[in-house]
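In: Task: produce atomic coordinates for the following.
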Amino acid sequence: MSVPIYYLSFNQLAAIEEGRLQIVGKAEDGSLELKFAAGSRSAAPRTIWNMTSHDAGSHGTSLLRAMMPDRRFPFPKSLYAVEDALRFFIKEKPDAIVLDFFSGSGTTAHAVMRLNRQDGGRRQCISVTNNEVAADEQAALRKAGLREGDPDWEKWGICDYITKPRIAAAITGKTPDGEEIGGDYKFTDEFPIAEGFEENAEFFTLT
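Out: Predicted coordinates for the structure are as follows:
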C-alpha cells in the first residue's frame with residue numbers, strides 16, 4: 001500500500017525521482033529526512049521545521065524555568081531552533097558578531113554560546129532590549145505608588161528581570177539564587193547545563 005507524501009512540494013518530489021534529493025532516513029514522527037545528492041544545490045532553509053528539538057514548550061519555556069525557576073517569560077523560543085537558524089549563516093564564521101535587536105529572554109546569545117562551544121569559535125552577540133514591565137505588573141506597581149525609572153519598578157523590567165539573569169545563568173550554570181541548574185543540553189552536543197560556558201558578558205544601560 002503506497003501512502004502519498006503530502007508535505008513535500010512537487011519540486012521536491014521531482015528532485016527525489018531525479019536523484020537530486022536522497023531519502024536518508026525517517027524521523028521519530030515519521031517525516032522523511034532528506035539531503036541533496038553530491039554536486040546538487042544546497043538545500044535552502046525551509047519556513048517550517050518539524051523537529052522535536054524545535055519545540056518551544058520543551059526547549060524554550062521548560063529550559064527557562066529550569067534556569068530561573070521563579071521567573072516567567074511568555075513564549076520563549078526553543079534554544080535549539082535558534083541555534084539551528086544561526087548555524088545556516090555563521091557556522092563557517094567563527095568570529096561573527098550577531099546583533100539581536102529584540103533580545104527578549106536572551107535565547108540568541110545563549111545559542112551563540114553553544115555554537116562557540118561546538119567548534120571553539122569566538123563569536124559575539126550584542127543583545128539589545130528595553131526594560132519594559134508587563135502590563136499587569138505595571139498596574140500593581142502604580143498602585144504601590146511607583147513609576148517608570150524608580151529602582152523598585154525597573155527591577156521587574158524584561159532586561160533586568162529576565163534577559164541579563166538568563167545570560168548570566170547560561171554562562172555560570174547557576175540559577176539567579178546560586179543553585180546549580182539541573183538537566184542536560186541535548187541534540188548537537190549533550191552536557192550538563194550546570195557546566196556553563198567559557199564566555200563572558202558585559203551589561204550596559206543606555207539612557
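
In: any low-confidence regions in this structure?
Out: Low-confidence segments of the chain (pLDDT under 70): 1-10, 39-47.

In: Please enumerate the helices of it.
Out: 10-17, 56, 62-67, 79-90, 107-119, 135-143, 151-154, 158, 164-172 (DSSP state H).

In: Ok, which of those helices comes nearest Leu32?
Out: helix 10-17 (8.8 Å; Cβ to Cβ). The C-beta positions use only the backbone N, C-alpha and C, and glycine is treated the same way.

In: that older thread, with Ser31 as the reference, name the closest of the helices of the chain.
Out: Closest among the helices of the chain, using Cβ to Cβ: helix 10-17, at 12.3 Å.

In: helices or strands up against the closest one?
Out: strand 21-26 (3 or more Cβ pairs under 8 Å, 6 or more residues apart in numbering; DSSP states H and E).

In: what angle do the strand it packs on and helix 10-17 make?
Out: Angle of strand 21-26 versus helix 10-17, following axes from the mean of the first three to the mean of the last three Cα atoms, to 10 degrees, is 90 degrees.

In: neighbours of Phe102, just the number please.
Out: 9 (other Cβ atoms under 10 Å).

In: so who does it touch?
Out: 128-129 (Cβ atoms under 8 Å, 6 or more residues apart in numbering).

In: List phi and psi for it.
Out: Main-chain dihedrals, Phe102, degrees, to the nearest 10: phi -130, psi 80.

In: Contacts only, for the most centrally placed residue in the chain.
Out: The centre of the chain sits closest to Leu79, judged by Cα atoms, centre = their mean, with a distance of 2.7 Å. Residues near Leu79 by Cβ under 8 Å, 6+ apart: 59-60, 63, 107, 110-111, 114.

In: so how far is Glu154 from it?
Out: 27 Å (Cβ to Cβ, to the nearest Å).

In: How far does stretch 153-162 stretch from one end to the other?
Out: 14 Å (Cα to Cα, to the nearest Å).

In: Tell me which residues of it come out buried.
Out: By 16 or more other Cβ atoms under 10 Å, the buried positions in stretch 153-162 come out as 153-154, 156-162.
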